[in-house]
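**Student:** Mind looking at a prediction? Sequence and model below.
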Amino acid sequence: MALPALGLAAAGLAGALLGDRQIAACAAESGKTAPAYVAGAFSLRNITLRGGERLTVAVASDPCLAFGQSTRILIYQRTARGYRRVLDAVTIPGLESVNRDGSVVLPTHESTQVVYESAYVWNGARFIFSMAGTTRYDVPLGRRRPAEVRVRFSPGSYGTTLRGSAAINFGDDYVFNARAGQHVSIALGQHSGPAPAITFWLGERQPVTVIGGIWQGTLRRTGDYRIGVEGSGDDDTVETHYALSLSIR
């Protein structure tokens, strides 16, 4: 039995999909045969990358495979040996973008107002997450911005000024690299509206609220550090423009 319009070997694709524990449980719950379940529980399409790799994209439509307003998306490479899974993620149904150049963008809800648009790129063997291409989209503002901004210092410089805008639930995340023992200073400068909220992550589980817009201290570890700038106030359609000084010595 072949899947309609795709010309795929249904048994092979069904076998690959049912190798996933959650999908197998949902299929068993449905009471359908494996090919019938796959045909009805997924939106399927084929795509060939510019490098010649043949892929099958499977976006789940069965509520059993949903995560809130998002759902499972799986991509398989079709080889002489069968179907090899090269991406397993979630997306808002119908908004996924899988392109012949090997780029994939998968929107998911970060909140009711902000959509997180995860980016992936093909590395010749599988799709890998790309933070550089990942963005966030604010629905009320109709604005898109990078999910994070990597801070670079000019040669010979110990500081820089970060300029941007922030609204409620929609600000900027800055990431910089520093060494243990270095002294960091953060200072909020001019801003056009309510002072934005600033958070500094000393570690994954150590967020520090920058009270009064000023923080300074000595770092205890070498690695990446993150500064979050988010709008404050009551109106989520108002952006505050700001200037934030960062120095590392």
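**Tutor:** It's in.
**Student:** Quick check: closest non-adjacent residue to residue 65.
**Tutor:** Setting aside the residues directly before and after it, residue 65 is nearest to residue 72 in space (CB to CB, 6 or more residues apart in numbering), at 4.6 Å. Where C-beta positions appear, they are placed from N, C-alpha and C, glycine not excepted.
**Student:** How many residues are close by the one you found?
**Tutor:** Residue 72 has 25 neighbours, counted by other CB atoms under 10 Å.
**Student:** One more: residue 46?
**Tutor:** If you count neighbours by other CB under 10 Å, residue 46 ends up with 13.
**Student:** Now do stretch 214-230: distance from first to last residue.
**Tutor:** 15 Å (CA to CA, to the nearest Å).
**Student:** so where does the residue nearest to residue 65 fall, helix or strand?
**Tutor:** Assessed by DSSP states H and E, residue 72 sits inside strand 70-79.
**Student:** partner strands of that strand, parallel or antiparallel?
**Tutor:** Sheet pairing of strand 70-79 (DSSP bridges) gives strand 54-60 (antiparallel), strand 66-67 (antiparallel), strand 82-91 (antiparallel).
**Student:** Output these as JSON lines; include the columns mean pLDDT.
**Tutor:** Below are those laid out as JSON lines (pLDDT from 0 to 100):
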{"stretch": "strand 54-60", "mean pLDDT": "96"}
{"stretch": "strand 66-67", "mean pLDDT": "94"}
{"stretch": "strand 82-91", "mean pLDDT": "96"}
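**Student:** before we move on, back to that, what does the strand holding residue 72 contact?
**Tutor:** Contacts of strand 70-79 with the rest of the structure, by CB atoms under 8 Å, 6 or more residues apart in numbering, involve 13, 16-17, 20, 22-23, 46, 53-61, 65-66, 83-93, 96, 98, 104, 106, 108-109, 127.
**Student:** returning to that earlier point: let's have the strands paired with strand 70-79 in JSON lines, adding mean neighbour count and distance to residue 230.
**Tutor:** Formatted as JSON lines, those follow (neighbours: other CB atoms under 10 Å; distance: least, CB to CB, whole Å):
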{"stretch": "strand 54-60", "mean neighbour count": "20", "distance to residue 230": "32"}
{"stretch": "strand 66-67", "mean neighbour count": "13", "distance to residue 230": "25"}
{"stretch": "strand 82-91", "mean neighbour count": "18", "distance to residue 230": "24"}
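**Student:** Let's have these in JSON lines, adding distance to residue 139.
**Tutor:** Putting those into JSON lines (distance: least, CB to CB, whole Å) gives the following:
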{"stretch": "strand 54-60", "distance to residue 139": "22"}
{"stretch": "strand 66-67", "distance to residue 139": "19"}
{"stretch": "strand 82-91", "distance to residue 139": "16"}
